[in-house]
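Chemist: Show me how the following folds:
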Amino acid sequence: MAKSTKEHLEDTFNDLATDEFKRFKNKLCDRKKEAGIRKAKLEKVADAIDLAELMVNTFTSGGAVPVAIEILEAIGCNEQAAELKENAGHSVPVAQSRGDVVDYGAGQGLKVELALSDDWHKQLHVVLCSQEFKNKILKEKGQEIYRLKEKYGRTRLALLINNIDFNDKAMTRRGADRDEENMEWLLKELDYQVVKYKNLSAKDMEKAVKDFARREEHAHSDSTFVVIMSHGKRDAILGVQYTASNPSDTFPVDHIYRCLNTENCPGLRDKPKVILIQACRGGDSGRMWVSDGEPDEPLDIEGDDFAHKEKDFISLMSCTPDTKSYRHVENGTFYVQNIVDVLMKHAHEDHIDDLFRKVIQRFESSEMMGCYRQMACKDRASLPKWFYLFPGL
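Modeler: Numbers count the residues shown, from 1 in each chain. The predicted structure is shown next:
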């Protein structure tokens, strides 16, 4: 039986001399460019078994090996690094000499691949659903499941808006290009044609959503995704023209639902509409991880009182009201990395509610999040049925 990641790490750490083992722990604690492990936790590590378990719990099975290799090479244990790379890291890209900055703290083998490999999209794929599983679920749950159109006759569309470069240069969302790349890849893997915009004002965002809602292809679709990534406030997304002197460049989240409701988007009537929003909703800023809120003192924005008859929506916000959403300046947000990783691995067997629950569970882990308190949350869910993506079918 093949060894687990933890067992490979145990073997490696057992090969270290006492002083090398100590230097490894010190280097792990001192990692500044990425998330490390707190000194208090490392002080409780007594042996190779403890250290291997802590590494896997912190960085996951996919991320622990590259972190270990990086540190081994940094402390001069090149022989052990090479052996670990050969035995356990052959499928996990490791930082090359071009000086990429990689964060393993939110813990996915996926993120390592995306951050370092130019052909990651050829190496990774969404796990495909089997026809047997689909038939079984449809037979068991029948009318409780949204009936999806056959692949050959449908035209699924997804909207992706990503604001990176703002008029206020201090608001540039470094790392957000990685989120865009990852999210676009995921949507295409799920068989959605991506309608993409970048660096929009609030007015342009509203126009983009309205134009998207009018697309004729929706009549031949069975669902849609709308993904918007920007700075934000509690109930609004900031346009790129937002500044302290121009605080009105905000796009209320409520308008997304209004544009896509039954009245304004009949093509998506009775079809699942998944809304993903990566933006702050208030709160304090972070340190190495930066937040997606405006850098100036928050300004109040009045809530909208529109009452819409909306159905078949589900949304996953990157954080709860009044809190921050964190983004690594090289590798993008916790939120997008976790969504891509969960859907890639589990969309073949779970419906969207369970997929979102698994994403939320990632944020509950103190080992993963460290001192950054962020919690993704479902919002305005009005799906009367289960929505299975059945990737590949």
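Chemist: Just the buried residues of stretch 203-220, please?
Modeler: Under the neighbour-count criterion of 16 or more other C-beta atoms under 10 Å, stretch 203-220 has 204-206, 208-209, 212-213, 215, 218 buried. Where C-beta positions appear, they are placed from N, C-alpha and C, glycine not excepted.
Chemist: which other residues reach it?
Modeler: Stretch 203-220 has contacts (C-beta atoms under 8 Å, 6 or more residues apart in numbering) with 149, 153-157, 159, 161, 193, 195, 197, 200, 224, 226, 228, 237, 239, 249, 251, 255-256, 259-260, 264-265, 267-268, 271.
Chemist: Counting by contacts, list what the longest helix seen in the chain packs against.
Modeler: As assigned by DSSP state H, the longest helix anywhere in the chain is helix 48-74. Packing contacts for helix 48-74, counted by 3 or more C-beta pairs under 8 Å, 6 or more residues apart in numbering; DSSP states H and E, involve helix 5-14, helix 18-30, helix 78-87, helix 109-116, helix 366-369.
Chemist: would JSON lines of the ones you listed with mean neighbour count, distance to R281 and mean pLDDT be doable?
Modeler: Compiled in JSON lines, the helices and strands packed on helix 48-74 are given as follows (neighbours: other C-beta atoms under 10 Å; distance: least, C-beta to C-beta, whole Å; pLDDT from 0 to 100):
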{"stretch": "helix 5-14", "mean neighbour count": "20", "distance to R281": "36", "mean pLDDT": "88"}
{"stretch": "helix 18-30", "mean neighbour count": "16", "distance to R281": "32", "mean pLDDT": "86"}
{"stretch": "helix 78-87", "mean neighbour count": "16", "distance to R281": "41", "mean pLDDT": "83"}
{"stretch": "helix 109-116", "mean neighbour count": "23", "distance to R281": "24", "mean pLDDT": "35"}
{"stretch": "helix 366-369", "mean neighbour count": "16", "distance to R281": "17", "mean pLDDT": "48"}
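Chemist: And these: which comes nearest K324?
Modeler: The closest of these to K324 is helix 366-369. By C-beta to C-beta, the value is 11.9 Å.
Chemist: if we can go back for a sec, what angle separates the longest helix of the chain from helix 18-30?
Modeler: 80 degrees (axes from the mean of the first three to the mean of the last three C-alpha atoms, to 10 degrees).
Chemist: In helix 48-74, which residues are buried?
Modeler: In helix 48-74, counting by 16+ other C-beta under 10 Å, buried: 48, 51-52, 54-73.
Chemist: re the thing from before, make TSV out of the helices and strands packed on helix 48-74 and add distance to G332.
Modeler: Below are the helices and strands packed on helix 48-74 laid out as TSV (distance: least, C-beta to C-beta, whole Å):
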stretch	distance to G332
helix 5-14	24
helix 18-30	23
helix 78-87	26
helix 109-116	8
helix 366-369	15
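Chemist: and D341, which of those helices is closest to it?
Modeler: helix 109-116 (4.5 Å).
Chemist: re earlier: quick one, which of the helices and strands packed on helix 48-74 gets closest to A279.
Modeler: So among the helices and strands packed on helix 48-74, helix 366-369 is nearest, using C-beta to C-beta, at 18.2 Å.
Chemist: residue ranges with poor pLDDT in the chain?
Modeler: Across the chain, the ranges flagged by pLDDT under 70 are 1-2, 31-36, 61-62, 89-123, 282-309, 365-373.
Chemist: Please repeat the previous calculation with a cut-off of 50.
Modeler: Regions of the chain meeting the criterion pLDDT under 50 cover residues 33-34, 89-120, 284-289, 296-308, 366-367, 369-370.
Chemist: How is it partitioned into domains?
Modeler: Following the assignment in automatic domain parsing, the chain carries domains at 5-120, 125-379.
Chemist: Am I right that F166 sits in a helix?
Modeler: No. Read with DSSP: H, G, I helix; E, B strand; the rest coil, F166 is coil and lies in no helix.
Chemist: Which stretches in the stretch 251-393 of the chain count as helices?
Modeler: For the stretch 251-393 of the chain, applying DSSP state H, counting those that start in this stretch gives helices covering 254-260, 334-346, 352-364, 366-369.
Chemist: and if you look at the stretch 101-250 of the chain?
Modeler: Here the stretch 101-250 of the chain has its helices, by DSSP H, counting those that start in this stretch, at 109-116, 120-123, 131-141, 176-189, 202-213.
Chemist: which secondary structure elements does the fourth one contact?
Modeler: Contacts defined by 3+ C-beta pairs under 8 Å, 6+ apart place helix 176-189 against helix 109-116, strand 157-162, strand 193-198, strand 224-229, strand 332-333, helix 334-346.
Chemist: hang on, the earlier thing: could the helices of the stretch 251-393 of the chain go into TSV alongside distance to M317?
Modeler: Shown next, in TSV, are the helices of the stretch 251-393 of the chain (distance: least, C-beta to C-beta, whole Å):
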stretch	distance to M317
helix 254-260	12
helix 334-346	9
helix 352-364	10
helix 366-369	16
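Chemist: that older thread, of the helices and strands packed on helix 176-189, which stretch is the most buried?
Modeler: Per-stretch averages of neighbours, counted by mean count of other C-beta atoms under 10 Å, single out strand 332-333 among these, with a mean of 28.
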